[in-house]
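K.L.:
prediction below, plus the sequence it came from.
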Protein chains: 4
Amino acid sequence: MSAVRTPDGANALLEEPGRGPVSAQSRIPTSLFAAFQAVRRQTDALVEGLSAEDCLLQSMPDASPVKWHLAHTTWFFETFVLERAVPGYRSVDPAYRQLFNSYYVGVGERHPRPERGMLSRPSLDEVLAYRRRIEQQVGAVLHRPDLSPDMAALVELGLHHEQQHQELILTDLKHHFSRNPVAPVYRPRTPTPHGSRPPLQHVAFDGGLTEIGHSDKSFCFDNELPSHRVWLEPYSLASRLVTNAEYLEFIDDGGYARPELWLSDGWDARERGEWLAPLYWQPPEQPTSPWQVFTLHGRCTVDPDEPVCHVSYYEAEAYARWAGARLPTEAEWETAARSLAPHTPCGALLEDGCFHPRPAVRSGSAGLAQMFGDVWEWTQSAYLPYPGFRPAEGAVGEYNGKFMINQMVLRGGSCATPISHLRSSYRNFFPPQARWQFSGIRLVLS
Amino acid sequence: MSAVRTPDGANALLEEPGRGPVSAQSRIPTSLFAAFQAVRRQTDALVEGLSAEDCLLQSMPDASPVKWHLAHTTWFFETFVLERAVPGYRSVDPAYRQLFNSYYVGVGERHPRPERGMLSRPSLDEVLAYRRRIEQQVGAVLHRPDLSPDMAALVELGLHHEQQHQELILTDLKHHFSRNPVAPVYRPRTPTPHGSRPPLQHVAFDGGLTEIGHSDKSFCFDNELPSHRVWLEPYSLASRLVTNAEYLEFIDDGGYARPELWLSDGWDARERGEWLAPLYWQPPEQPTSPWQVFTLHGRCTVDPDEPVCHVSYYEAEAYARWAGARLPTEAEWETAARSLAPHTPCGALLEDGCFHPRPAVRSGSAGLAQMFGDVWEWTQSAYLPYPGFRPAEGAVGEYNGKFMINQMVLRGGSCATPISHLRSSYRNFFPPQARWQFSGIRLVLS
Amino acid sequence: MSAVRTPDGANALLEEPGRGPVSAQSRIPTSLFAAFQAVRRQTDALVEGLSAEDCLLQSMPDASPVKWHLAHTTWFFETFVLERAVPGYRSVDPAYRQLFNSYYVGVGERHPRPERGMLSRPSLDEVLAYRRRIEQQVGAVLHRPDLSPDMAALVELGLHHEQQHQELILTDLKHHFSRNPVAPVYRPRTPTPHGSRPPLQHVAFDGGLTEIGHSDKSFCFDNELPSHRVWLEPYSLASRLVTNAEYLEFIDDGGYARPELWLSDGWDARERGEWLAPLYWQPPEQPTSPWQVFTLHGRCTVDPDEPVCHVSYYEAEAYARWAGARLPTEAEWETAARSLAPHTPCGALLEDGCFHPRPAVRSGSAGLAQMFGDVWEWTQSAYLPYPGFRPAEGAVGEYNGKFMINQMVLRGGSCATPISHLRSSYRNFFPPQARWQFSGIRLVLS
Amino acid sequence: MSAVRTPDGANALLEEPGRGPVSAQSRIPTSLFAAFQAVRRQTDALVEGLSAEDCLLQSMPDASPVKWHLAHTTWFFETFVLERAVPGYRSVDPAYRQLFNSYYVGVGERHPRPERGMLSRPSLDEVLAYRRRIEQQVGAVLHRPDLSPDMAALVELGLHHEQQHQELILTDLKHHFSRNPVAPVYRPRTPTPHGSRPPLQHVAFDGGLTEIGHSDKSFCFDNELPSHRVWLEPYSLASRLVTNAEYLEFIDDGGYARPELWLSDGWDARERGEWLAPLYWQPPEQPTSPWQVFTLHGRCTVDPDEPVCHVSYYEAEAYARWAGARLPTEAEWETAARSLAPHTPCGALLEDGCFHPRPAVRSGSAGLAQMFGDVWEWTQSAYLPYPGFRPAEGAVGEYNGKFMINQMVLRGGSCATPISHLRSSYRNFFPPQARWQFSGIRLVLS
């Protein structure tokens, strides 16, 4: 793991190492092609060692088969790049247009989401061949001397889109595997760095009129725009994430049995789902033995120093109430993230290859640890349009805006997020009951 | 109807006519007793003419029987006032503690909400007798020379609580009655005031650093606190509500058949509910005949000049997108409402006795009509805690805070809201799919 | 209670006391009018003491409000008698045709069954007035000199139909009331006759070629026809019903925790419904205290000598397996019932006014007790057409035949069945999971 | 296709070709081993050409993955044969005991049925290796000189069990594949034999006291016992199955739009499932073009001469009513089947390799065609125990008896049934709404 990173300093996806950001114009086509190659190879690397059967699993409508992710990210390039860039383009297979469309109404019919696990045909091999063929053609487009900025922008969007699916490949696979009593191992465990655990502190911020949202010319999603002013009252942000040890105190104090700690809808979700702990936890067989947890390394003992993970917003919010604190707003979080010095250490990211959050090691600049990586941090902010928000034009505009209801914003990325995918203004979002993402808790005091 | 009102100038519930607000201390006990009498009589008036059978109906878990509302608002006084204020208090019937508890976990077990319609016993007569008996005892408490401010505050809270249930008595009854093919009439229709309809205009606001939330010493709910600063960009608010005629254009333009106009969850709700128009609308039998609508006056023809009503947030949001506009945030709405001059005319409120929204007549101060009354206005704001929010202490604190998820804020009150219940800072909230409240649409342009 | 009865000797509904059966022709019109009056008055007597609110309750789609039963049985006479017998007949209220149609597709639209509890209008008083008015007109028809045998047969069908609803009024009301935590009392308890309990014996039958089904000219439902031959192997029928004491042994032996005792679907139903005992039973608060049970007399202690009641087919079948026996087929039951001497004593029937099954007193002829009355006896026979079955012509033919799937036959009547409604060939039927009828168990050995 | 067969003459599974049945004793061990090999190879042949992905599909809880069938039929031999026959037997993998147990409560926990599609591990290759290993060990047991008759009987039961799963492999796979818009082809179509279609005739049977059930010493399931007497009225059985052409008349006559033709539960199922035709049928795109149907050969045009297939009991029963006939009872069917001469031609069976029912060619003895093969024939008989039925001892007794509720009997086998699996007394059973089996219609007249 490279200990020093700057997820926010630049659009790392297109950044040339050691040089810093360059203008979008100058990077095309050479570095865009390199980025395209890099992202596609990273996806390939994730599915190494998985069988065709593994890649077909679908454990719930929210979680898609790995094979579907492989095809859908390719469909994106075929539909939004090749169909526009290549005159008279003939699709690899007309059926794919429907089979691998996720939710783009503007593109046409979609195969129903809960049925994605029913597609034994095309086979994994056929999907991999589809990937290769589209890659070849997109590569050709990227080498065209007259590549338009619009087309380049669509390719770049496709790469960020694929990175999102890299994370989903991991979180979905974890959910699929968790339903198998034999507890399959995706990757063997890597040793956890040990050392002194930094004590929990609170870092004070003054508030006042601040600005959030993406503000330079590098890539961002439409939902990060426009950059706009927000008034903040003073607040103090926890220096690190809540740990399993801390969360176990909440459990042991009856946290899952006291409705007064929960939002009303949260308590209903807890009862309906019979939640007694975070997702994937299994209670100790003996009162004195430790909790077990299913991970991408198979079944393990819960490590008290790791950040708690796979909690819903409801659990995060209840924990915060129990702890006498609250969750940050996204503006508070982003303001703090912007204050980080360059080269502040991150928590685990996708490239670290550990596929599991790790204990905080030491605080970075401003006394804040784990602001990026390890687990997504639930905020108290509903996922809503920023003032002046406009969705992107055309079918690609169905990307973010139409989900702006019933979801909460998460910030900071996780151990399944590629480094070049992150930035301070990045807004992730999930419904408050979702637990299968790598989602955890950072507290704040008013 | 008194044409001139000031829902925001004072806490009208305790206001002495013609005199303006007085301090909370000085009003107790005399005016609080008068307010108590007035609110309770207003509830009685609402159920006049309803049979015991009518009062038992429960058409869905969200809508309670009228009899239950009568009992629950009384239970509130028994539980939170008499049990504390009267040493050795003996309950009217121990079973009521559970039967008529809505959701106060701190008070104990609750009869399940979907089963409220199963309570033929106690009878309506017994519940009315219960009301009388508790009223007598609360009256005695209010006349005590040593009435504590805390106890007075609980009574006042109970009165505002009962006013909320006055509105629910009407909206729930409308839903119950709508399920009966004979289309029962609650009250005969009163003539609609006619005159020139004010054209739709937009009133510009500058934005900047503004303050919202309740800020004087009069009553408010905990969710209106604390008053706090918010930064607003400039905006232009529509001078009146969207009318049925305007909404019919949306319908006729395929509004209910075009997923690209809707939030993703909204489209799902539309499909699941097979929505083709606002709740209670029935399509014309002949293409040339008008839409019908079920109202508290029975079945009527849709009046094109009335504000559209019984739309969900999803429909309001889709309409706004179709119209090239958006819904206001609650801060934008409140800032506009605060700008109204005293004695600005309102739309229909409960006391007008029309139980149905009415066409806008003429604009009031600042060119804004219908800011209060007629229909609740969906805002684009999720219902979340204000910065520094603290729920009230004890079981009464289970009032607002625990519902702060998956709901959107509505502002301004409706034809079913008592005048003294409203103010600029009042936050109503419902899930985005809810349609059985008197809820409508006001647009804004950025 | 009149201790001696002959449910099978004649069509008691039209029988003149002390004289024995007379031919159907000679009875019309005088005794048919008397029967009409008697049945209608018996219905009236059942609802005495119930409030309009009680009569509106609907606790589940399967159980209708009492008011609906009152209206539907009247609708039957209006639709099938008056509309045919009275030229130019004008309905009391056109809306009733739809509101009070149960399932007769041939008659037109039907108000949805689960929504019957939504009909606060027409009121109970209006429904009672409707009853009076239709009775008057049917009375006039019955006094016509030219009353056709067909019309008389429809009236007679209507009376047996109303008797079925008399039983449903009681079983449905019991279910409605059971959902109210205050455990309403329908009728006070009458003292149980005490005496020596007859020991359980087995009465042997030879089997061979036998005949079942209705075989004389008196009234029967179409599903009892035609009388036909059946081959039976020898069997021994239990002399009385299974008691609560015996059923408690099954419970105490883990009957509700041992899937090997149950049909597969039965075990699923048990798990889904979380059954631990018959419907309406509540477990003892202390291990040493007795089980409680909700009855039409309110909440009581389970009487060990009473027949077990409110068990599903699944429970009856599991009990039989546990006991090393089985349930009888309907042909076995009917053959045994036909062997009873005239004036064999019955168990409790509707006219006894106890509304609850009673302990067996002494065996009757052939050593069999409780063959009629107390509780319906589940048989091992699926409810299917007899060889040569033909449904009645026209809409009244939608009575029985269309339910011949997924139901099991019950025989013998219960404490809620009118005496004149019963006969040896009578086939009642309910789905195997139904528990809200007065249904119990008689065993047989091969 | 071998044109002449005798499914009923003997237990063909163990029959030596050309010799006729031999006693069970003399056949063991040599022919039992041969039968074991033959059945296992037949299973292998069925999955040839399927990918590991195909074998993982699970389209509904009722239909299991092909891989699961492969493992479960092996688990049966491991659990019921090897664990008993081999002292100190060590299981291949302890996890399999739970993963591949279907519903044998006596054996222990079971992996939930709807989750069978979640088992990417063990892989198809591992399951095939599991098959080989168990086969080897069972083979060794079968060659033991001291092989007990009990153990031989368990192996024989295991073979008949595996044959049932051979049929399910095909019917389940067809359902899985039908959910894929690309309509995968399992096997290419084989030419249909053409020739004159035999006209529909009715073959009269006298009825009287007859005997049904299995009556010789060859293998049968417990539910076919004991052989017992039944009284039958005279009846006339249709000489062949109902064809697609005949069924299309029913559709064209509004069969799916006329509730009066249906059982009440059937109509509900039709509405809920939005049935407009048999399962797998797709309506013509143009009014004049033919219906399409999904088959194991992919998507085809409906052949008017083929027997109608994939209809539920509800559809079969409604069709019969519409046609003025009824379905046979199982006793009527079995009596007719027993009357067939040896070497009567069958319809298509598994060994024919067409995997689809075929048009009737010519009548066999007694004028009856297609009595065995092509499609299972719904009878009017509920699946219930025969008089004197006793389930087999031990866990294998959980085979048939515990499903004796809510199911109807089907007779005669289908194009997916192995020839040696069939006999006149064979009772298949499915719930009345099931449509994914090869199930069709033969009519009878009283």
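P.N.:
Cool, the structure landed.
K.L.:
so which elements touch the longest strand seen in chain A?
P.N.:
Assignment by DSSP state E gives strand A:376-382 as the longest strand of chain A. If you count contacts as 3 or more C-beta pairs under 8 Å, 6 or more residues apart in numbering or on different chains; DSSP states H and E, strand A:376-382 packs onto helix A:313-322, helix A:330-338, strand A:408-411, strand A:439-440. Just so you know, the C-beta spots here come from the backbone N, C-alpha and C atoms, and that holds for glycine as well.
K.L.:
let's see it at 10 Å
P.N.:
helix A:313-322, helix A:330-338, strand A:408-411, strand A:428-430, strand A:439-440, strand B:376-382 (3 or more C-beta pairs under 10 Å, 6 or more residues apart in numbering or on different chains; DSSP states H and E).
K.L.:
OK, contacts around the closest residue to residue A:273 other than its chain neighbours?
P.N.:
The shortest distance from residue A:273 to any non-neighbouring residue, by C-beta to C-beta, 6 or more residues apart in numbering or on different chains, is to residue A:433 (7.8 Å). Neighbouring residues of residue A:433 by C-beta atoms under 10 Å, 6 or more residues apart in numbering or on different chains: A:265-266, A:268-270, A:272-273, A:275, A:312-315, A:406, B:405-406.
K.L.:
quick one: contacts of stretch A:253-273?
P.N.:
The contact list for stretch A:253-273 (C-beta under 10 Å, 6+ apart) reads A:247-251, A:274-277, A:279, A:312-323, A:431-433, A:435, B:103, B:105-106, B:395, B:397-398, B:401-407, B:431.
K.L.:
look up the closest residue to the residue of chain A found nearest chain B, ignoring the ones flanking it.
P.N.:
Relative to chain B, the nearest point of chain A is residue A:382 (3.4 Å; C-beta to the nearest C-beta). Once flanking residues are discounted, residue A:382 sits nearest to residue B:382: 3.4 Å by C-beta to C-beta, 6+ apart.
K.L.:
just residue A:276 next, same as before
P.N.:
Per C-beta to C-beta, 6+ apart, closest to residue A:276 is residue A:256, 5.2 Å.
K.L.:
backbone dihedrals for the one you found, please?
P.N.:
For residue A:256, the backbone dihedrals (degrees, to the nearest 10) come out as phi -90, psi 10.
K.L.:
next one: residue A:167
P.N.:
Taking degrees, to the nearest 10, you get phi -60, psi -40 for the backbone angles of residue A:167.
K.L.:
I'd say it and residue A:373 touch.
P.N.:
No - applying C-beta atoms under 10 Å as the test, residue A:167 and residue A:373 come out as separate, 11.9 Å apart.
K.L.:
related to what we said a few turns ago, check the helices and strands packed on strand A:376-382 for me and report the most buried one.
P.N.:
The highest mean neighbour count among the helices and strands packed on strand A:376-382, using mean count of other C-beta atoms under 10 Å in any protein chain shown, belongs to strand A:439-440: a mean of 29.
K.L.:
contacts for that strand, please.
P.N.:
Residues outside strand A:439-440 that contact it (C-beta under 10 Å, 6+ apart): A:171, A:241-244, A:247, A:278-279, A:306-313, A:315-316, A:319, A:347, A:357, A:370, A:374-378, A:408, A:410, A:412, A:414, A:428, A:430.
K.L.:
that strand pairs with which strands?
P.N.:
Applying DSSP bridges, strand A:439-440 is found paired with strand A:376-382 (parallel).
K.L.:
mean confidence score for the strand it pairs with?
P.N.:
Averaging pLDDT along strand A:376-382 yields 98.
K.L.:
just list the residues touching the nearest residue to residue A:40 once chain neighbours are set aside, thanks.
P.N.:
Of all residues not flanking residue A:40 in the chain, residue A:135 sits nearest, at 5.9 Å (C-beta to C-beta, 6+ apart). Counting by C-beta under 10 Å, 6+ apart, residue A:135 makes contact with A:36-37, A:40-41, A:74, A:77.
K.L.:
residue A:409 too?
P.N.:
A:223, A:313, A:329-331, A:333-334, A:376-384, A:426-430.
K.L.:
swap in residue A:370?
P.N.:
Residue A:370 is in contact with A:198, A:238-241, A:307, A:345-348, A:357-361, A:363-364, A:377, A:412, A:440, A:442, counting by C-beta under 10 Å, 6+ apart.
K.L.:
ok, it to residue A:345 distance?
P.N.:
In this view, residue A:370 and residue A:345 are 9 Å apart by C-beta to C-beta, to the nearest Å.
K.L.:
what's the answer for residue A:388, then?
P.N.:
The spacing between residue A:388 and residue A:345, counted by C-beta to C-beta, is 35 Å.
K.L.:
so those two - more neighbours on which side?
P.N.:
Higher neighbour count among residue A:388 and residue A:345: residue A:345, with 21 against 13, using other C-beta atoms under 10 Å in any protein chain shown.
K.L.:
now do the contacts for the residue of chain A most remote from its centre.
P.N.:
In terms of distance from the mean C-alpha position of chain A, residue A:88 ranks first, at 36.2 Å (C-alpha atoms, centre = their mean). For residue A:88, the contact set (C-beta under 10 Å, 6+ apart) is empty.
K.L.:
what is the burial count for residue A:149?
P.N.:
10.
K.L.:
again with residue A:329
P.N.:
Residue A:329, neighbours per other C-beta under 10 Å, totals 22.
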